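Participant: Predicted structure and sequence below. I'll ask about it afterward.
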Amino acid sequence: MQEIIEKLLELLVSEDLKEIRSVVKEIRNSKKESTLENGNIIVDSDILNEELQQILDTKGLDRTKHYVRILHKSLTEFKQSKVSDMNLNRWKEYEDIMTDSLWLIDKRDSSGAHSNTYHGNYIPQIPNQFIKRFTKKGDTVIDPFLGGGTTMIETQRLGRNCVGVELQEDIADFAEENLSKEPNKHNVINEIINSDSMEVNFREEFDRLGIDKAQLVLMHPPYWNIIKFSDDEKDLSNCNDLETFLENFGKIVDNTTEVLEKGRHFVLVISDMYAKSEWIPLGFYSMQEVLKRNYKLKSIVVKNFKHTKGKDQQSNLWRYRAIIGGFYVFKHEYIFLFEKK
Ligand SMILES: C[S@@+](CC[C@H](N)C(=O)[O-])C[C@H]1O[C@@H](n2cnc3c(N)ncnc32)[C@H](O)[C@@H]1O
C-alpha cells in the first residue's frame with residue numbers, strides 16, 4: 001500500500017490532469033492483494049478500485065485533485081469514531097453496517113452457540129449491529145432481559161463486556177450453558193445476574209465487577225402479555241394492565257440509565273399488539289416512557305417479523321381473520337434508538 005500512497009501524494013502537487021488520470025488508471029489496473037494494510041488502516045482492494053474509478057469519472061483538475069486528496073487521507077489517517085472502533089475515513093469498508101430504517105432480514109444467524117430454542121429470543125443480527133456501531137472493544141453492554149443470552153454471545157464474540165439480568169433461574173442457567181459453547185477469546189467479563197431488573201442495583205454490581213460505566217443498553221422486554229414467560233409476578237409479561245407494564249418498564253429504564261455513560265446509546269426492541277380487536281401501540285407507549293427520561297430519539301427502525309413455524313402454517317387462517325376482523329397481520333416490530341443526553 002505504501003507505493004500507492006506515495007504515488008497519490010505526488011499527484012497532489014501535479015497540475016497536469018492527463019498525467020493524474022494516467023497514474024490513477026495505472027494504480028486501479030495494478031494487481032493487488034484482496035486486503036491492503038497501512039498500520040491499523042485496512043483497505044478492501046475492491047473498494048479502493050471503486051474510489052480510483054470515481055476519480056477517473058471526475059471532470060476538471062480541481063475536483064479530481066480533491067478526490068485524490070480525500071483518498072490519500074483515508075489511506076494514511078485513522079479517524080476514530082467517538083463511540084465505536086470504526087475508522088470514519090474508511091466508512092465504505094463497513095458494508096455490513098445497516099444504515100436504513102427498514103430492516104428486512106431473511107435468515108436468523110444460527111452460527112455457533114446461537115440457537116432458536118428459546119421462544120421469544122431476538123435474532124443475533126440485532127445486537128450485532130448495535131454493538132459494532134455503538135461500542136468499542138472493552139466497552140460494557142447491559143441487557144436487563146437476557147433470556148437465552150443472544151446479546152451475550154454477540155458481546156463475547158466482539159470483545160465487549162456484558163452484564164445481563166434474567167428473572168427466571170432456569171433461563172439464566174440456559175444462557176450460561178449457551179455461552180459456554182463458545183470460547184471467551186477476548187477474555188471479557190460475562191456477568192449473568194438471576195434477578196428482577198426492577199430491583200437490581202447496577203451501580204453496586206458494576207463496582208463489584210470493577211466497571212465504571214456502561215456504553216450501551218440493549219433492551220428486549222416481553223411485549224407485555226403476548227408471550228407469558230413465567231408465573232412470576234415480577235415478570236413484565238404478567239403485568240395486569242398496560243399502566244403497570246409501562247410503570248415497571250420505566251423502573252428498569254431508570255435502573256440502567258443510572259450507569260449508562262452520557263452520549264451513549266439505548267436500544268429498545270418491541271412491537272405493538274392487539275387486544276380485544278384493538279391495535280395497542282405498545283411500541284410507541286414504551287418509546288414515550290424512555291423519552292420521559294433524559295434521552296433523545298435518534299431513530300425508529302422497522303424490522304420484519306418472522307412468525308414461528310406453527311403460525312406460518314396458519315397463515316391462511318390469519319389472513320381470513322384479518323379480512324373478517326378488518327385488521328392487518330403483524331409483520332413488523334420496532335427498534336428504537338436513543339442517545340443519553
Ligand atoms: C423477550 S425475552 C428476551 C429474549 C432475549 N433477547 C434473547 O434473545 O434470548 C424477555 C425476557 O425477560 C425476562 N423478564 C421478564 N421480566 C423480567 C424482569 N422483571 N427482570 C428480568 N428479566 C425479566 C423474561 O423471563 C424473558 O426471558
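Facilitator: Noted; the coordinates are in hand.

Participant: Leaving out the residues flanking it, which one is nearest to Ile335?
Facilitator: Spatial nearest neighbour of Ile335, excluding adjacent residues (Cβ to Cβ, 6 or more residues apart in numbering): Val301 at 4.0 Å. All C-beta atoms are positioned from the backbone trio N, CA, C, and that covers glycine.

Participant: no, scratch that, I was asking about Lys296
Facilitator: Excluding the flanking residues, the one nearest Lys296 by Cβ to Cβ, 6+ apart is Glu339, at 5.4 Å.

Participant: which residues does the residue nearest to Ile335 contact?
Facilitator: Ser101, Leu102, Trp103, Tyr334, Ile335, Phe336, Leu337 (Cβ atoms under 8 Å, 6 or more residues apart in numbering).

Participant: looking at this, the residue nearest to Lys296 is in a helix?
Facilitator: No: according to DSSP: H, G, I helix; E, B strand; the rest coil, Glu339 belongs to no helix; its state is strand.

Participant: Let me know the pLDDT of it.
Facilitator: In this model, Glu339 is scored at 98, pLDDT.

Participant: pretty sure it contacts Lys262?
Facilitator: No: applying Cβ atoms under 8 Å, one finds Glu339 not in contact with Lys262, separated by 9.2 Å.

Participant: So which of these two has more stuff around it?
Facilitator: Under the criterion of other Cβ atoms under 10 Å, the comparison of Glu339 against Lys262 puts Glu339 first, with 18 against 9.

Participant: so that one bridges to which residues?
Facilitator: Glu339 has these beta-bridge partners by DSSP bridges: His265, Lys296.

Participant: wait, what's in contact with it?
Facilitator: Applying Cβ under 8 Å, 6+ apart, the residues near Glu339 are Gly263, Arg264, His265, Phe266, Tyr295, Lys296, Lys298.

Participant: ok, and the most crowded of these?
Facilitator: Using other Cβ under 10 Å as the neighbour test, the contacts of Glu339 are led by Phe266, with 25 neighbours.

Participant: need the strands for the stretch 101-250 of the chain, in chain order.
Facilitator: Counting by DSSP state E, counting those that start in this stretch, the stretch 101-250 of the chain has strands at residues 102-103, 140-143, 161-166, 190-194, 214-219.

Participant: near the ligand, anything from the second one?
Facilitator: No: legend: contact between strand 140-143 and the ligand by Cβ under 6 Å from any ligand atom is lacking; minimum distance shown is 7.0 Å.

Participant: helices or strands up against that strand?
Facilitator: With contacts taken as 3 or more Cβ pairs under 8 Å, 6 or more residues apart in numbering; DSSP states H and E, strand 140-143 sits against helix 125-134, helix 150-158, strand 161-166, strand 214-219.

Participant: again, but for the first one
Facilitator: Strand 102-103 sits against strand 295-304, with contacts defined as 3+ Cβ pairs under 8 Å, 6+ apart.

Participant: so the strand it packs on versus helix 125-134, what angle?
Facilitator: 140 degrees (axes from the mean of the first three to the mean of the last three Cα atoms, to 10 degrees).

Participant: Could you tell me the average pLDDT over strand 295-304, please?
Facilitator: Strand 295-304 shows a mean pLDDT of 98.

Participant: again, but for stretch 16-32
Facilitator: Averaging pLDDT along stretch 16-32 yields 96.
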